[in-house]
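Novice: Give me a 3D structure for the following:
(one chain, ligands or ions: 2)
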Amino acid sequence: MFLKPVPKFQDPELLAIFQEINAQWFDAFLEPPILRWNSRLRSAAGRFFPGSRKWAVEYPPAIEVASYLRTEERSLELIRDTMAHEMIHYWLWVRRKPYGHTGEFLEKMRQMGVSRYNQVPRLRPYKYLYRCPGCQKEFKTRKKLGVLACADCCKAHAGGRFDARFRLLLDPVAPPVEARER
Ligand SMILES: [Zn+2]
Ligand SMILES: [Zn+2]
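Specialist: Ligands and ions are numbered 1, 2, ... in the order given. As a prediction, this is how the structure comes out:
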């Protein structure tokens, strides 16, 4: 089916789960795409990457599952649920249909009893990261702060009074918490 073949050796655990769901819900019609663990996923439990069918840049599709799911309670159930969700994206793509969360996606999802969102996202417990320009101390908050200065630095260098030199600055590199969508 694909010019650059999916590697023969696949993670046996992911492959077994794929084939089990394939037999149960897809008449064993799906060829395994690349199946791999991803240790960087946190908010998403899984991802589907469409392949390319253009002959010059042909590459196989892939499904990734977040490695951290293996350490969760109900780990097998969560991995199966994630695999099943990504397989619906894959199944739509294989049949050249829109493969996002379309009406057909949601219908298949309900039939299979699969969840739409990651049930156990590892979200950061904070939303905003502020830093004191004096001592570089970090402040993690869930809400935006008003005008505040670093208490330690104001105490040490300004006799305990507010000093704008130590005003906490929002760190722009910390992105807002990602959605749980997958
Ligand atoms: Zn400070
Ligand atoms: Zn999805």
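Novice: Per-residue pLDDT of Glu181, please?
Specialist: In this prediction, Glu181 carries a pLDDT score of 52.
Novice: Stretch 48-56 - what's its average pLDDT?
Specialist: In this model, stretch 48-56 carries a mean pLDDT of 88.
Novice: Ignoring the adjacent residues along the chain, who's closest to Lys137?
Specialist: Nearest residue to Lys137 in three dimensions, chain neighbours excluded: Cys150, at 6.2 Å (C-beta to C-beta, 6 or more residues apart in numbering). For every residue, glycine as well, the C-beta is placed using N, CA and C.
Novice: SS state for Glu6?
Specialist: Just so we're on the same page, residue 6 is Val rather than Glu. Secondary structure, DSSP: H, G, I helix; E, B strand; the rest coil: Val6 is coil.
Novice: Not counting its neighbours along the chain, what's nearest it?
Specialist: When the adjacent residues along the chain are set aside, Val6 lies closest to Pro60, with 4.9 Å between them (C-beta to C-beta, 6+ apart).
Novice: domain assignment for this structure?
Specialist: Recorded structural domains for the chain (assignment: automatic domain parsing) are 12-112, 128-180.
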